[in-house]
Structure formats: C-alpha cells, structure tokens
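Colleague: sequence first, predicted coordinates after that:
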Amino acid sequence: MSDILDRILAVKKQEVAAARARKSLEGIRKQAEEMPAPRDFLQAIRGRISQHRAAVIAEIKRASPSKGVLRGRSEAPNPQGSGHAENSSGKNLIPQDFIPAEIAASYARNGAACLSVLTDEQFFMGSADFLRQARAACDLPVLRKDFILDEYQVYEARAMGADCILLIVAAFLSPVFQQDASVNQGDSALERMRILETTAQALGMAILVEVHDADELDLALQLTTPLIGINNRNLRTFETTLDTTVQLVRRIPSERIVVTESGIRIPADVEMMLSHHIYAFLIGETFMRAPDPGAALASLFTTNLT
C-alpha cells in the first residue's frame with residue numbers, strides 16, 4: 001500500500017500516452033474549447049461560505065484502492081490494491097445500487113454545493129461517463145477527481161464536461177513524475193502545476209490544489225487558485241487523521257478557501273472543522289456507503305446547509 005500513489009501515477013502516464021495515440025492534443029483541445037461555458041465551481045463554494053453555510057463537494061465514488069468496492073454490483077475484481085468492504089462479521093455491507101445520475105440528483109436536492117466524480121478506471125472503478133451522467137442530472141458544478149499530470153488531461157476534463165480539475169501536489173513530487181522526460185528538460189513540479197493551472201483557467205475552469213503536509217502546502221500557495229484542499233488521508237499509506245487539516249489551516253492566508261477532504265464521518269467532525277472556520281468539505285465514502293447518499297449528506301450537516 002505504501003507505493004500505491006506511484007503505482008497509480010505510472011498507470012496514469014500509460015493511459016495518457018494511449019489517449020494521445022487515439023486523439024491528438026490538438027483534437028482534444030479543439031473539443032474542449034468548443035464546449036459550452038463551464039459552471040462556476042468557485043462561486044458555488046464562495047456563495048455558501050459568504051453566508052457562513054457549509055459548502056459540500058459531494059463525491060460520487062464507486063470504489064477505492066484502500067476500501068475496495070463501496071457501492072454497486074460488479075462482476076469485475078476489486079480495484080488494484082484494494083481491501084474488502086465488509087464489517088467485522090464478514091457480512092457484505094455494500095449498497096447494491098450505483099446510478100450516478102440518481103446520486104447526483106439526490107445530492108443536489110439535499111444541499112450539496114458541487115459534485116466530485118471519480119474518473120479513474122483501474123484503481124477507483126470510475127468513468128468519464130459517470131461524470132457526464134452526474135452533471136446532466138443536476139445544475140451543480142462538477143470536479144473531475146483524477147490524477148492529472150498532463151495538459152492533455154485538462155482538455156480531456158473540459159471535453160467530458162468537468163468544471164474544475166484537481167491538482168494533487170504529492171503527484172508532482174513523486175519519483176514517477178520526476179523521472180518524466182520533460183522534467184529532465186527543466187520542467188519542475190511547480191512549473192508543471194502552473195502550466196496545468198493556466199491551461200484550466202484559459203478554459204474557464206476552477207482548480208482545486210490538494211496538499212497533505214507543510215512542504216506540499218508551500219508549493220500550492222505559489223499557484224493563483226484560491227481553492228486549497230487539505231487531504232486528511234495520506235495517499236501513500238491511506239492513513240487518515242483530521243488533525244492534518246487543523247494543523248495546516250494555520251499556515252493558509254485568509255483569502256484562500258480551505259477545503260477539508262477525507263475522514264469526515266459524524267456531525268462532531270463537521271463541528272470541529274466549523275470551529276476552525278473551515279466551511280468547505282469534500283466527502284465521498286461516508287455518503288457512498290449510506291443507503292441514500294443525499295439523505296446522508298443532509299443528516300451529517302443538519303442545519304449547516306441552509
């Protein structure tokens with residue numbers, strides 16, 4: 001499990017190469033530029049926070065490498081590196097329905113500000129089609145949740161309808177990225193992130209830059225995006241602690257918007273974050289394990305959504 005991020009990134013580079021072989025960079029750029037204007041992801045978050053309301057980015061995630069399948073029947077094997085989604089007695093507790101459009105509509109009805117949709121296929125059993133289906137089912141802006149390293153993926157995200165991309169700082173500090181031929185030509189982690197940020201901004205998209213420690217945060221703050229995600233889950237070990245957000249938020253200027261990610265499970269977790277003036281949340285597993293994801297969202301945040 002300790003090498004899971006590097007394994008994901010190695011596969012991701014292969015996927016990008018294959019995608020470029022199917023459609024050129026010029027082709028995917030043209031497709032992205034011809035898309036209708038994106039929905040305003042940043043304003044959806046800011047609007048809630050300005051009213052001291054919780055801004056929830058509700059996630060549609062079928063599986064993860066650490067927990068296996070979270071929701072939906074599947075004839076395919078568990079994603080690479082996954083565990084088993086069972087309780088201590090061995091009884092399978094996986095909700096059997098996985099219909100992205102219905103989940104998205106339920107989230108929208110129950111107060112979500114935005115959506116996040118996993119599009120990685122091999123490790124998270126995601127799909128670009130899931131993103132398209134979810135976005136078509138509601139009016140919420142949508143984040144493409146994937147491991148983006150290349151400008152091709154940014155254009156690809158807009159072409160599939162995404163309104164926001166995720167840049168994971170740890171990915172750009174990985175040996176897999178550092179070994180890239182372009183890095184040997186002087187393309188540093190920060191330079192690459194700036195290129196991807198600029199590409200997304202030119203398409204009218206928002207950027208959520210994700211960090212897990214102080215060094216990653218120092219890099220993230222050199223980008224212009226106001227959206228700083230703090231992942232409470234270590235992507236190398238998949239261990240989770242909410243103290244990660246509590247410690248790092250002190251280092252973030254007030255003009256930035258902090259999004260706490262992973263590990264929010266009970267109302268007390270929400271209250272702890274609100275007490276530190278953190279109003280934006282990205283939550284997936286807690287909702288996806290519930291019989292009704294939208295109802296789980298409303299229950300977790302009680303009066304904080306309205």
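Modeller: Sure thing, it's come through. All values derive from a computational prediction rather than experimental measurement.
Colleague: residue contacts, the closest residue to Met272 other than its chain neighbours?
Modeller: Nearest residue to Met272, sequence neighbours excluded (C-beta to C-beta, 6 or more residues apart in numbering): Leu242, at 6.6 Å. C-beta: built from backbone N, CA, C; applies to glycine. Each residue near Leu242 by C-beta atoms under 8 Å, 6 or more residues apart in numbering is listed here: 232, 260, 263-264, 269, 272-273.
Colleague: and for Arg46?
Modeller: Arg46 touches 55, 257, counting by C-beta under 8 Å, 6+ apart.
Colleague: and Phe177, by the same measure?
Modeller: So Phe177 contacts 9, 149, 171, 183, 189, 192 (C-beta under 8 Å, 6+ apart).
Colleague: cool, Leu9 as well?
Modeller: Counted by C-beta under 8 Å, 6+ apart, Leu9 has contacts 147, 149, 171, 174, 176-177.
Colleague: related to what we said a few turns ago, and the contacts of Phe177, which are buried?
Modeller: 9, 149, 171, 189, 192 (16 or more other C-beta atoms under 10 Å).
Colleague: which among the residues you listed gets closest to Val209?
Modeller: Ala171 (10.9 Å; C-beta to C-beta).
Colleague: could you report the pLDDT at the closest one?
Modeller: Predicted confidence (pLDDT) for Ala171: 95.
Colleague: contact partners for it?
Modeller: 5, 9, 147-149, 177.
Colleague: among those residues, which pair sits farthest apart?
Modeller: Top of the distance list for these (C-beta to C-beta): Leu5 and Ile148, 13.5 Å.
Colleague: sorry, back to before: out of the contacts of Ala171, name the ones that lie in helices.
Modeller: Within these, residues falling in helices by DSSP state H are 5, 9, 177.
Colleague: buried residues, stretch 261-268. List them.
Modeller: 261-264.
Colleague: can you tell me the average pLDDT over that stretch?
Modeller: 95.
Colleague: export that stretch to CSV, keeping only CA atoms.
Modeller: Extracted in CSV, the C-alpha atoms of stretch 261-268 (Å, rounded to 0.1, in the frame of the first residue of the first chain):
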residue,chain,number,x,y,z
GLU,A,261,-11.0,16.3,2.4
SER,A,262,-11.5,12.7,3.7
GLY,A,263,-12.4,11.4,7.2
ILE,A,264,-15.5,13.5,7.8
ARG,A,265,-18.0,10.9,9.1
ILE,A,266,-20.1,12.2,12.0
PRO,A,267,-21.6,15.6,13.0
ALA,A,268,-18.8,16.1,15.6
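Colleague: residues contacting Arg194?
Modeller: Taking C-beta under 8 Å, 6+ apart, one finds 222-223 in contact with Arg194.
Colleague: tell me the least confident of the contacts of Ala171?
Modeller: Phe177 (87).
Colleague: ok, now how distant is that residue from Pro291?
Modeller: Distance, Phe177 to Pro291, using C-beta to C-beta, to the nearest Å: 40 Å.
Colleague: repeat for Leu274
Modeller: Counting by C-beta to C-beta - Leu274 and Pro291 are separated by 26 Å.
Colleague: between these two, which has more neighbouring residues?
Modeller: Leu274 (15 against 9; other C-beta atoms under 10 Å).
Colleague: looks like that one contacts Ala54 (just checking).
Modeller: Yes - between Leu274 and Ala54 there is a contact under C-beta atoms under 8 Å: 7.4 Å.
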